[in-house]
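> Provided below for reference: sequence and predicted model.
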Amino acid sequence: MQKREQLFWCIATVSISNKEATVEDLKNIKSRAYQYRKVNGISGVSIYANGCALDLIEGLKDAVEEEYKGSIKNKLQAPIITVYDGPIEFRFFEDYIFAYRILSPEKFQEVDSFSTDYAREFFETFLSLDHPLSRTVRSFILNS
């Protein structure tokens, strides 16, 4: 087995909305981030619940850190608290350049990326893993 030159990196943050977001706000955030992430090999998920968000971005370290620097300038979410910043052995959401998992409110369900049976099963499998990121996401969901 060949050793990888660079480890994958992940930064996970929790934040609170400064204002009540709309479906259009969420679509615009995704649209702006999608192209940057696609070009730079970044993937991840944003879990949204009652004005709080847990964002998990993963990829090569330099690209993830650059995306993080841009995300802390987001005027919709503040304060932003980093809950994980470190290496990961593989990308959990490699097939999801920018995914939303909407817990509430109901009006945002149309942007939920995990609405099919397959996608929901994928997300549930991620939650069942014994990994610090999975435990962090489970805790966020339980406390939201």
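Cool, got the structure. Numbers count the residues shown, from 1 in each chain.

> so how far is residue 31 from residue 38?
12 Å (CB to CB, to the nearest Å). (C-beta placed from N, C-alpha, C; glycine too.)

> Please read the previous query as pertaining to residue 138.
29 Å.

> Comparing these two, which residue is more hemmed in?
Per other CB atoms under 10 Å, whichever of residue 138 and residue 31 has more neighbours is residue 138, with 14 against 10.

> Would you confirm that that one contacts residue 127?
Yes: the pair residue 138 and residue 127 passes the contact test of CB atoms under 8 Å, sitting 5.4 Å apart.

> who touches both of those two?
Here residue 138 and residue 127 share no contacting residue, scored by CB atoms under 8 Å, 6 or more residues apart in numbering.

> How about the contacts made by the residue positioned nearest the centre of the chain?
Nearest to the geometric centre of the chain sits residue 45, at 2.6 Å (CA atoms, centre = their mean). The contact partners of residue 45, by CB under 8 Å, 6+ apart, come to 55, 56, 93, 96, 99, 100, 101, 113.

> all helices of this protein, in order?
With DSSP state H as the criterion, the chain has helices at 23-40, 61-71, 117-128, 132-142.

> Which residue, other than its chain neighbours, is closest to residue 81?
The shortest distance from residue 81 to any non-neighbouring residue, by CB to CB, 6 or more residues apart in numbering, is to residue 14 (5.0 Å).

> What's opposite the one you found in the beta bridge?
In this entry, residue 14 is beta-bridged to residue 54, residue 81, by DSSP bridges.

> so it makes contact with residue 84?
No: judged on CB under 8 Å, residue 14 makes no contact with residue 84 at a distance of 10.0 Å.

> Near the nearest residue to residue 72 once chain neighbours are set aside, how many other residues are there?
In space, and not counting its chain neighbours, residue 72 is closest to residue 80: 5.3 Å by CB to CB, 6+ apart. Neighbour count for residue 80, taken as other CB under 10 Å: 16.
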